[in-house]
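Student: Kindly generate the corresponding structure for this input.
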Amino acid sequence: MSAADPPAVAPDLASLRKDYALKTLDERDVDREPLKQFGVWMVEAIHAQVPEPTAMTLATADGNGRPAARIVLLKGIDPKGFVFYTNYESRKGRDLAANPAAAVTFLWKELERQVRIEGRVEKVSGEESDAYFETRPLGSRIGAWASPQSRPIDGREWLEARWADFAGRYGDAPPRPPHWGGYRLMPDYVEFWQGRASRLHDRIVYRREANAWRIERVAP
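Tutor: Sure thing, here's the model as predicted:
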């Protein structure tokens with residue numbers, strides 16, 4: 001066995017633990033608007049040079065209630081919610097067509113923080129999707145045409161040949177595919193979690209009630 005080979009016996013996962021003590025979180029100190037509080041934490045994560053601070057776990061469920069989760073990148077925040085982009089014909093896109101509700105989780109482990117967000121999902125406008133699509137690297141724009149996301153394919157060579165075909169077809173100016181665009185998660189539940197010692201974590205929850213947010217602390 002070389003030094004690069006994995007151990008033959010799994011480690012004792014039950015013994016792996018870490019206590020948290022970096023920061024605190026108090027319901028009296030947070031912003032009254034969860035999107036503004038999220039903005040504060042996002043800025044702190046960026047300044048702390050957290051790797052991939054916009055990475056979030058997106059959970060969806062199909063029409064039968066079967067859940068699925070994957071990592072996507074947050075690409076915008078506006079007064080209505082959180083925006084991400086994908087192939088509308090992907091598994092997540094099909095889930096959202098059948099069940100337009102989702103949850104996302106951000107983990108910034110270097111800051112001992114996570115944020116959980118739940119709510120309804122809508123597509124962003126075509127104009128918004130066009131504007132973002134134009135900011136993507138050329139290779140990614142061509143890839144949006146080449147990849148039948150979540151569908152079985154014949155192999156890597158098939159995908160690369162398809163990418164080359166679309167690159168030849170569109171050159172430096174590929175338009176946005178009609179099957180690709182943005183979604184906006186409009187939250188009705190937002191939770192800010194700050195790790196604390198002895199697993200007595202701070203959890204501050206915002207719940208949407210009519211046109212206002214109710215803020216409360218929940219037990220860890």
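Student: switch to C-alpha atoms for all contacts and neighbour counts from now on
Tutor: Noted.
Student: where does this structure dip in pLDDT?
Tutor: For the chain, the stretches with pLDDT under 70 are 1-4, 6-9.
Student: what ranges do the strands span in it?
Tutor: Along the chain, counting by DSSP state E, strands occupy 55-61, 67-73, 76-78, 81-87, 101-108, 113-123, 180-194, 202-209, 212-217.
Student: Taking their axis directions, the first one and strand 67-73 sit at what angle?
Tutor: Direction vectors for strand 55-61 and strand 67-73, defined by axes from the mean of the first three to the mean of the last three CA atoms, to 10 degrees, enclose an angle of 150 degrees.
Student: Report all helices and strands that strand 55-61 contacts.
Tutor: strand 67-73, helix 91-98, strand 101-108 (3 or more CA pairs under 8 Å, 6 or more residues apart in numbering; DSSP states H and E).
Student: Redo those as JSON lines? Include distance to residue 19 and mean neighbour count.
Tutor: Listed next are those as JSON lines, based on distance: least, CA to CA, whole Å; neighbours: other CA atoms under 10 Å:
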{"stretch": "strand 67-73", "distance to residue 19": "26", "mean neighbour count": "14"}
{"stretch": "helix 91-98", "distance to residue 19": "35", "mean neighbour count": "20"}
{"stretch": "strand 101-108", "distance to residue 19": "15", "mean neighbour count": "21"}
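Student: would you list the ones you listed in TSV and tack on distance to residue 163?
Tutor: Output for the helices and strands packed on strand 55-61, formatted as TSV (distance: least, CA to CA, whole Å):
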stretch	distance to residue 163
strand 67-73	22
helix 91-98	21
strand 101-108	30
